[in-house]
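In: Requesting a structural model of the entry that follows:
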Amino acid sequence: MEPRTDLTVLLQRAAGGDAGAFDQAVEATYGQLEHIARRHLNLQYGARAGSATLEPSALVHEAFLRLRDQRSGFENRGHFYAIATRVMLRALGDYERRRNTDKRGGERIRVTLTGLSLKGQPTLTSAIDLSSALDELEALDERKAAVVRQRLLWGLTISEIAEALEVSVPTVERDWRFARAWLQGRLTDD
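Out: Residues are numbered from 1 along each chain as shown. Alright, predicted model coming up:
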């Protein structure tokens, strides 16, 4: 069985009440989710990623704990990764909020989101702002939000996104251009 199909089958079995199927899905996706978590942390902290007390594996474990509660809501492999990415981004936002409290003396950390800028200058934002903006974009257009998540957070190419979303490459390119411009306007401090 192809890995993509296999994960979808595991998720369907988990939704049907198979207690071990979700654990098998976790095992099958752990490496990819850890890669996504590492990417989140690098986007969030850049060169200072080593100074963050949150490790990629801890972010993945937090995501799995949160995902376990909603394991019956996954339609397929793509839906699982989309929700996992959103959960990790929210967990990272929660972590950032805890670090930034006055009680702990944290200072607001800004991140560079490579690939988002339209004029060659990197756009700076926080995980909290990005998560909120992606939620707003998703309310406007789910596919465009999926393109952003897969391109920016998962690091997929335009053709990989087209295949995952089952749309044409030109459609993904248009969605990416629109989403970048929309997020640029939404996230700039001007």
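In: Please, where are all the strands along the chain?
Out: 111-113, 123-125 (DSSP state E).
In: Sketch out the low-pLDDT regions of this structure for me.
Out: 1-5, 44-53, 70-72, 99-128, 189-190 (pLDDT under 70).
In: okay, now the domains of it?
Out: Partitioning the chain according to automatic domain parsing yields domains covering residues 1-108, 110-190.
In: JSON lines for those, including mean neighbour count?
Out: Where C-beta positions appear, they are placed from N, C-alpha and C, glycine not excepted. Listed next are the domains of the chain as JSON lines, based on neighbours: other C-beta atoms under 10 Å:
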{"stretch": "domain 1-108", "mean neighbour count": "16"}
{"stretch": "domain 110-190", "mean neighbour count": "17"}
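In: quick one: the helices in this structure?
Out: Taking DSSP state H to define them, one finds helices in the chain at 3-15, 19-45, 56-68, 77-99, 127-140, 142-148, 158-165, 169-187.
In: tell me how far the fourth one is from the chain's mean position?
Out: I take that to be helix 77-99. 6 Å (C-alpha atoms, centre = their mean, to the nearest Å).
In: Return the residues in contact with Thr29.
Out: Thr29 sits next to Leu7, Phe80, Tyr81, Ala84 when contact means C-beta atoms under 8 Å, 6 or more residues apart in numbering.
In: Which pair of the residues you listed spans the longest distance?
Out: Maximum pairwise distance among the contacts of Thr29 (C-beta to C-beta): 11.3 Å, between Leu7 and Ala84.
In: Skipping its backbone neighbours, what lies nearest Arg13 in space?
Out: Distances taken as C-beta to C-beta, 6 or more residues apart in numbering place Ala21 nearest to Arg13, at 3.7 Å, with adjacent residues excluded.
In: In contact with the residue nearest the centre of the chain, which residues?
Out: Nearest to the geometric centre of the chain sits Thr85, at 2.9 Å (C-alpha atoms, centre = their mean). Each residue near Thr85 by C-beta under 8 Å, 6+ apart is listed here: Ile36, Arg149, Leu153, Trp154.
In: Surely Ser57 is in contact with Glu34?
Out: Yes. In this structure Ser57 lies within contact range of Glu34 using C-beta atoms under 8 Å: 6.2 Å.
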